[in-house]
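1. Kindly return the folded structure for what I paste below:
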Amino acid sequence: MAARVDHVVTSGTFSLDGGTWDVDNNVWLVGDDQEVIIIDAAHDPDEILAAADGRRVVAIVCTHAHDDHINAAADLATATDALVYLHPADEPLWRQVYPDADYQPLHDGHEFEVAGTFLQVIHTPGHAPGAVCLYAPQLNALFSGDTLFAGGPGATGRSFSDFPTIIDSIRDRLLTLPADTVVHTGHGDATSIGAESPHLDDWIKRGH
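-> From the prediction side, this is the model:
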């Protein structure tokens, strides 16, 4: 059976720089009836386990280490015996949540395979230093974390973020993908590369 994309929304909070906000997160599961990769272990390990539905978890991949994207990672790893992967540039953010728990480092160009499908890691710093996206050309899909949303780039107003850097990441690494690539985001609705690429200059003019 070919790989498919499953989806669950979990709810909780995001905390950074002394503030806390209520958030709903997209958790993406890519695989078939036997095995699955989980992208962003957010808030509720039990709900994510239910979505995995008994399948072998090949890996738990974090698009970045803001607490709302990793706060279920350790419990989920324990429950599934899977390894957690994160770009090491997000080490300071990871340690705010997990002073003692470790992760496996991933890097630009890293590939994961699940159900005969390859997911390629694209390092896209800006929202966070270690932010990555996962591109699955066989599925015509990009899992963008908080780098690219329907309507623009991820937020860059808090610690460890930078607006010019996220613009460079989106322009140079994402908008070069095929226009019909579906963008599965970390929060909110999906979009496509073709829907977002005409607006790059507007984002730059807005400066946020």
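2. the strands in the protein, which residues?
-> 4-16, 19-31, 35-39, 56-61, 84-86, 104-105, 111-114, 117-123, 132-136, 141-145, 148-149, 152-153, 182-185, 191-192 (DSSP state E).
3. The fifth one packs against which elements?
-> Yep, that's strand 84-86 we're talking about. On a contact count with 3 or more C-beta pairs under 8 Å, 6 or more residues apart in numbering; DSSP states H and E, strand 84-86 meets strand 56-61, helix 73-80, strand 104-105. (Each C-beta comes from the backbone N, C-alpha and C, glycine too.)
4. what's the closest of those to residue 143?
-> For residue 143, the closest of those is strand 56-61, at 8.4 Å, according to C-beta to C-beta.
5. I'd like the mean pLDDT over the closest one, please.
-> The average pLDDT within strand 56-61 is 98.
6. Give me the contact list for it.
-> For strand 56-61, contacts defined as C-beta atoms under 8 Å, 6 or more residues apart in numbering pick out 31, 34-41, 73, 76-77, 80-85, 106, 112-114, 119, 134.
7. Which of the helices and strands in the chain ranks last by mean pLDDT?
-> Lowest by mean pLDDT, DSSP states H and E among the helices and strands of the chain is helix 200-206, with a mean of 92.
8. Work out the gap between that one and the centre of the chain.
-> 23 Å (C-alpha atoms, centre = their mean, to the nearest Å).
9. and it, what does it pack onto?
-> strand 152-153, helix 163-169.
10. any chance of the helices and strands packed on strand 84-86 in TSV, with distance to residue 15 and mean neighbour count too?
-> As requested, those are arranged in TSV below (distance: least, C-beta to C-beta, whole Å; neighbours: other C-beta atoms under 10 Å):
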stretch	distance to residue 15	mean neighbour count
strand 56-61	21	22
helix 73-80	16	19
strand 104-105	24	13
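11. and residue 7, which of the ones you listed is closest to it?
-> Among the helices and strands packed on strand 84-86, strand 56-61 comes nearest to residue 7, with 15.0 Å by C-beta to C-beta.
12. partner strands of that closest one, parallel or antiparallel?
-> strand 35-39 (parallel), strand 84-86 (parallel) (DSSP bridges).
13. Can you give the contact residues for the last one?
-> In other words, strand 84-86. If you take C-beta under 8 Å, 6+ apart as the criterion, strand 84-86 is touched by 41, 59-62, 64-65, 70, 73-74, 76-77, 94, 103-106, 110, 112, 130.
14. give me that answer again for 10 Å
-> By C-beta atoms under 10 Å, 6 or more residues apart in numbering, the list of residues contacting strand 84-86 from outside reads 37-39, 41, 59-65, 69-70, 73-74, 76-77, 93-94, 98, 101-107, 110, 112, 121, 130, 132.
15. okay if I get the strands of the chain as JSON lines plus distance to residue 50?
-> Shown next, in JSON lines, are the strands of the chain (distance: least, C-beta to C-beta, whole Å):
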{"stretch": "strand 4-16", "distance to residue 50": "8"}
{"stretch": "strand 19-31", "distance to residue 50": "11"}
{"stretch": "strand 35-39", "distance to residue 50": "12"}
{"stretch": "strand 56-61", "distance to residue 50": "13"}
{"stretch": "strand 84-86", "distance to residue 50": "19"}
{"stretch": "strand 104-105", "distance to residue 50": "25"}
{"stretch": "strand 111-114", "distance to residue 50": "19"}
{"stretch": "strand 117-123", "distance to residue 50": "22"}
{"stretch": "strand 132-136", "distance to residue 50": "22"}
{"stretch": "strand 141-145", "distance to residue 50": "20"}
{"stretch": "strand 148-149", "distance to residue 50": "26"}
{"stretch": "strand 152-153", "distance to residue 50": "32"}
{"stretch": "strand 182-185", "distance to residue 50": "19"}
{"stretch": "strand 191-192", "distance to residue 50": "27"}
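16. Alright, I will stop here.
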